[in-house]
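Visitor: structure here, sequence nowhere to be found:
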């Protein structure tokens with residue numbers, strides 16, 4: 001179904017048989033456009049729709065979806081090679097970690113076991129992202145912006161305002177401090 005539609009788009013001409021198949025492919029594309037909830041996937045389907053059905057040039061499509069023409073060409077190429085399923089988003093691995101596992105562990109232990117004033121920050125009794133970023137810069141010579149300092153591996157740490165034993169009772173869990181250090 002998709003293959004004939006893709007071929008007819010690339011060749012520009014259609015026979016009656018190809019026309020019927022391309023109508024099915026067009027209906028499938030329109031169906032996916034209507035059903036798609038993910039904005040990025042919708043954008044990819046929209047790109048193919050504008051290119052294949054509306055015969056819109058790449059530069060105009062780029063303006064409509066507010067992407068670089070190279071990105072539009074990438075979507076079209078993926079579609080021509082693999083069909084609509086070729087447009088599915090892959091897994092984004094993200095940037096590599098800036099801190100080693102040992103450094104992350106040291107940071108985690110410091111935040112759990114010590115208050116900011118105990119490690120040289122003046123008169124601070126609660127950890128903040130700014131303080132943690134400052135600690136990382138001072139100890140490991142790595143710079144983070146406050147917005148970029150997301151430390152997901154610290155999620156679930158006990159609140160520093162309540163002693164950890166009391167917090168464990170509040171959470172109705174029986175964890176030891178070692179559970180937080182692993």
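Guide: Great, that's in hand. In this text the structure is predicted, and so the values were computed from the model without any measurement. Numbers count the residues shown, from 1 in each chain.
Visitor: from here on, just use CA atoms for contacts and neighbour counts.
Guide: Fine.
Visitor: per the record, what domains does the protein have?
Guide: According to automatic domain parsing, the chain is divided into the following domains: 2-87, 101-181.
Visitor: same question for the strand or helix carrying residue 109: list its buried residues.
Guide: Residue 109 is part of helix 101-113, with elements assigned from DSSP states H and E. With burial defined by 16 or more other C-alpha atoms under 10 Å, the residues of helix 101-113 counted as buried are 104, 105, 107, 108, 109, 110, 111, 112.
Visitor: and stretch 85-105, by the same measure?
Guide: Within stretch 85-105, the residues scored as buried using 16+ other C-alpha under 10 Å are 87, 104, 105.
Visitor: look up phi and psi at the residue lying closest to residue 53 once chain neighbours are set aside.
Guide: Using C-alpha to C-alpha, 6 or more residues apart in numbering and skipping residues adjacent in sequence, the residue nearest residue 53 is residue 26, 7.5 Å away. Torsion angles at residue 26 (phi, psi; degrees, to the nearest 10) stand at phi -60, psi -40.
Visitor: okay, now residue 26: neighbour count?
Guide: Close neighbours of residue 26, defined as other C-alpha atoms under 10 Å, add up to 19.
Visitor: surely it touches residue 50?
Guide: No. In this structure, residue 26 is not within contact of residue 50 by C-alpha atoms under 8 Å, at 11.2 Å.
Visitor: for residue 55, grab the count of nearby residues.
Guide: Applying other C-alpha under 10 Å, we find 12 residues neighbouring residue 55.
Visitor: assign it to helix, strand or coil.
Guide: coil (DSSP: H, G, I helix; E, B strand; the rest coil).
Visitor: can you give me the distance of it to residue 48?
Guide: With distances taken as C-alpha to C-alpha, to the nearest Å, residue 55 is found 10 Å from residue 48.
Visitor: what sits against residue 142?
Guide: Shown in contact with residue 142 (C-alpha atoms under 8 Å, 6 or more residues apart in numbering): 98, 99, 136.
Visitor: what's the closest of these to residue 81?
Guide: Nearest to residue 81 out of the contacts of residue 142 is residue 98 (C-alpha to C-alpha; 36.3 Å).
Visitor: per-residue pLDDT, the residue nearest to residue 53?
Guide: pLDDT for residue 26: 89.
Visitor: state the distance from it to residue 77.
Guide: Distance, residue 26 to residue 77, using C-alpha to C-alpha: 17 Å.
Visitor: kindly report the same for residue 55.
Guide: To residue 77, residue 55 is 15 Å away according to C-alpha to C-alpha.
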